[in-house]
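In: have a look; sequence and predicted model below, questions after that.
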Amino acid sequence: MEITKDILYVGVNDHEIDLFEGQYEVPLGMAYNSYLIVDEHIAVMDSVEAAFGREWLENIERAAGGRTPDYLIIQHMEPDHSSSITDFMEKYPEATIVSSAQAFVMMKNFYGTDYDGRQIKVSEGSSLSLGKHELAFITAPMVHWPEVIMTYDKTDKVLFSADGFGKFGANDVEDPEGWACEARRYYFGIVGKFGAQVQAVLKKAAALEIEHICSLHGPVLPLPGEDLSYYINIYDTWSAYRAESEGAFIAYTSVYGHTKQAAQLLAEKLKKAGCPRVAIADLAREDFYESVEDAFRHDRLVLATTTYNGEIFPKMDDFIRALLERGYRGRRVGIIENGSWAPAAARTIKKLFENSKDITWAENTVTIKSALNEASEAQLDALAREFA
């Protein structure tokens with residue numbers, strides 16, 4: 001695929017994968033992106049997952065038109081982007097690896113060599129001339145590993161953004177939800193903890209004239225009919241921990257169905273009361289990281305759960321901890337607690353959030369003792385009015 005006249009896509013698509021990083025469901029597969037810049041010198045941007053190394057090298061050979069690549073630029077050392085380095089360096093023994101100093105340390109840890117004598121170490125402000133194309137390097141530590149660099153092609157105004165702006169899904173599969181849904185799940189699942197670091201990179205990017213963003217996962221941006229500012233603005237929203245949508249997300253766990261009934265009834269009441277958007281998920285049965293995504297997407301969150309062993313149901317505990325480790329903040333949070341003899345969920349939840357920033361608790365907490373009754377339904381009404 002031609003991105004510009006001189007920049008070609010040489011990545012691969014993975015349709016065999018079931019879990020990305022051993023935990024994220026990827027029903028649409030994954031893309032491991034790599035790019036080739038043709039100039040007086042040829043540079044390849046990043047490697048791919050080792051299982052697809054042969055296909056990747058064939059893509060490079062075709063795209064290079066019989067020429068030999070001079071540089072392999074490694075922006076990120078996760079094995080889905082680095083584990084074909086060895087194959088590349090064996091095939092092209094005159095090639096030089098360009099990367100950060102910390103990446104070369106990781107390279108030796110992963111693959112037993114840092115290619116001493118065949119390396120160029122770059123840092124913030126470093127540049128590399130390919131001839132017509134001048135590459136400028138931008139450090140992006142903890143987006144989302146410490147060694148990460150990004151690369152800006154001054155000639156074609158292309159930002160190679162490492163894992164930034166990535167998404168789940170193979171590039172040869174149409175995503176019925178569009179870019180944002182799986183990009184959001186990817187961001188909050190993998191990058192979300194590092195909002196401050198993403199903000200720092202966005203400030204650097206604001207000084208650049210960018211026409212295309214080439215991530216290591218997902219399509220080249222912008223997609224047809226879109227403006228690049230859409231993607232940059234939404235990344236700014238996510239990394240600043242601002243809500244993307246007005247509305248409520250109800251996350252629940254339920255043992256015998258009574259808490260589920262309360263959560264579903266609250267959803268109905270919120271809709272009737274005019275809440276702009278209402279989403280609901282059973283944390284035990286629906287995709288965990290879609291629920292994390294929805295919690296960050298909305299400006300209101302309701303946690304509905306049972307008291308369990310004097311605390312809260314394990315799935316709810318896991319969910320809250322996943323939010324907290326990603327810096328969840330700046331939201332209104334309501335609670336529905338259920339406890340047949342000693343309800344303790346509300347107290348436990350608030351204790352978990354005690355070090356969180358800018359959490360506003362709902363004035364109305366719903367307390368159920370086994371099953372809904374007239375009193376707890378009245379509490380649901382009050383919470384619905386407050387959150388709508």
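Out: Noted; the coordinates are in hand.
In: which elements pack onto the lengthiest strand in the chain?
Out: Across the chain, the longest stretch assigned as strand under DSSP state E is strand 298-308. With contacts defined as 3 or more Cβ pairs under 8 Å, 6 or more residues apart in numbering; DSSP states H and E, the packing partners of strand 298-308 are strand 245-252, helix 258-272, helix 314-325, strand 332-338, helix 345-352, helix 374-387. C-beta here means a position set from N, CA and C on the backbone, and glycine is covered the same way.
In: tell me the mean pLDDT for that strand?
Out: Mean pLDDT, strand 298-308: 96.
In: do the same with stretch 119-137
Out: On average, stretch 119-137 scores 97.
In: and the end-to-end length of it?
Out: Stretch 119-137 has its terminal residues 15 Å apart, counting by Cα to Cα, to the nearest Å.
In: what are the buried residues along that stretch?
Out: Residues 119, 122, 126, 128, 130, 133, 135, 136, 137 are the ones in stretch 119-137 that count as buried (16 or more other Cβ atoms under 10 Å).
In: since we're on residue 286, how many residues are nearby?
Out: Neighbours of residue 286 under the rule other Cβ atoms under 10 Å: 12.
In: got a list of contacts for stretch 304-314?
Out: Under the contact criterion Cβ atoms under 8 Å, 6 or more residues apart in numbering, stretch 304-314 has outside partners 250-255, 259, 262-263, 266, 316-317, 320, 335-340, 342-345, 348-349, 366.
In: dihedrals phi and psi, the closest residue in space to residue 139 that isn't next to it in sequence?
Out: With sequence-adjacent residues excluded and distances taken as Cβ to Cβ, 6 or more residues apart in numbering, residue 139 is closest to residue 124, at 4.5 Å. Backbone torsions for residue 124, taken as degrees, to the nearest 10, come to phi -60, psi 130.
In: list the contacts of residue 124.
Out: Contacts of residue 124 (Cβ under 8 Å, 6+ apart): 137, 138, 139.
In: ok, now how distant is residue 58 from residue 216?
Out: Distance of residue 58 to residue 216, computed by Cβ to Cβ, to the nearest Å: 20 Å.
In: which one of these two has more residues nearby?
Out: Comparing residue 58 with residue 216 by other Cβ under 10 Å, the one with more neighbours is residue 216, at 25 against 12.
In: coming back round to it: what subset of the contacts of stretch 304-314 is buried?
Out: Buried members of the contacts of stretch 304-314, scored by 16+ other Cβ under 10 Å, are 250-254, 259, 262-263, 266, 316-317, 320, 335-339, 343-345, 348-349, 366.
In: list the contacts of the residue nearest to the spatial centre of the chain.
Out: What sits nearest the mean C-alpha location of the chain, by Cα atoms, centre = their mean, is residue 187, with 1.7 Å. Applying Cβ under 8 Å, 6+ apart to residue 187 gives the contacts 166, 235, 238.
In: ok so it is a strand residue?
Out: No - counting by DSSP: H, G, I helix; E, B strand; the rest coil, residue 187 is not part of a strand but helix.
In: residue 243 versus the closest residue in space to residue 248 that isn't next to it in sequence, what's the distance?
Out: Computed as Cβ to Cβ, 6+ apart, the closest residue to residue 248 that is not its neighbour in sequence is residue 300, at 4.1 Å. Residue 300 is 8 Å from residue 243, where distance means Cβ to Cβ.
In: between those two, who's got more neighbours?
Out: Between residue 300 and residue 243, counted using other Cβ under 10 Å, the more crowded position is residue 300 (26 against 17).
In: ok, back up a step: next, the angle helix 374-387 makes with the longest strand of the chain.
Out: 160 degrees (axes from the mean of the first three to the mean of the last three Cα atoms, to 10 degrees).
In: contact partners for the closest residue in space to residue 313 that isn't next to it in sequence?
Out: Distances taken as Cβ to Cβ, 6+ apart place residue 253 nearest to residue 313, at 4.2 Å, with adjacent residues excluded. Contacts for residue 253 (Cβ under 8 Å, 6+ apart) come out as 259, 282, 283, 284, 304, 305, 306, 313, 315, 316.
In: same thing with residue 372?
Out: Residues in contact with residue 372 (Cβ under 8 Å, 6+ apart) are 258, 261, 262, 265, 380.
In: so how far is residue 243 from the nearest residue to the third one once chain neighbours are set aside?
Out: Computed as Cβ to Cβ, 6+ apart, the closest residue to residue 262 that is not its neighbour in sequence is residue 336, at 5.3 Å. Using Cβ to Cβ, residue 336 is found at 21 Å from residue 243.
In: again, but for residue 370
Out: 34 Å.
In: chain center to the helix or strand containing residue 62: distance?
Out: Assigned by DSSP states H and E, residue 62 belongs to helix 53-64. Centroid displacement of helix 53-64 relative to its chain, using Cα atoms, centre = their mean, to the nearest Å, is 28 Å.
In: repeat that for stretch 15-27.
Out: Using Cα atoms, centre = their mean, the mean C-alpha position of stretch 15-27 is found 14 Å from that of the whole chain.
In: wait, which of the contacts of residue 253 is closest to residue 384?
Out: residue 304 (12.8 Å; Cβ to Cβ).
In: now do the helices in the stretch 51-200 of the chain.
Out: Assignment of helices within the stretch 51-200 of the chain using DSSP state H, counting those that start in this stretch yields the ranges 53-64, 79-82, 85-91, 101-111, 178-186, 195-206.
In: go through those helices and name the closest to residue 327.
Out: helix 195-206 (5.8 Å).
In: list the buried residues of that closest one.
Out: Of the residues in helix 195-206, those buried (16+ other Cβ under 10 Å) are 195, 197, 198, 200, 201, 202, 205.
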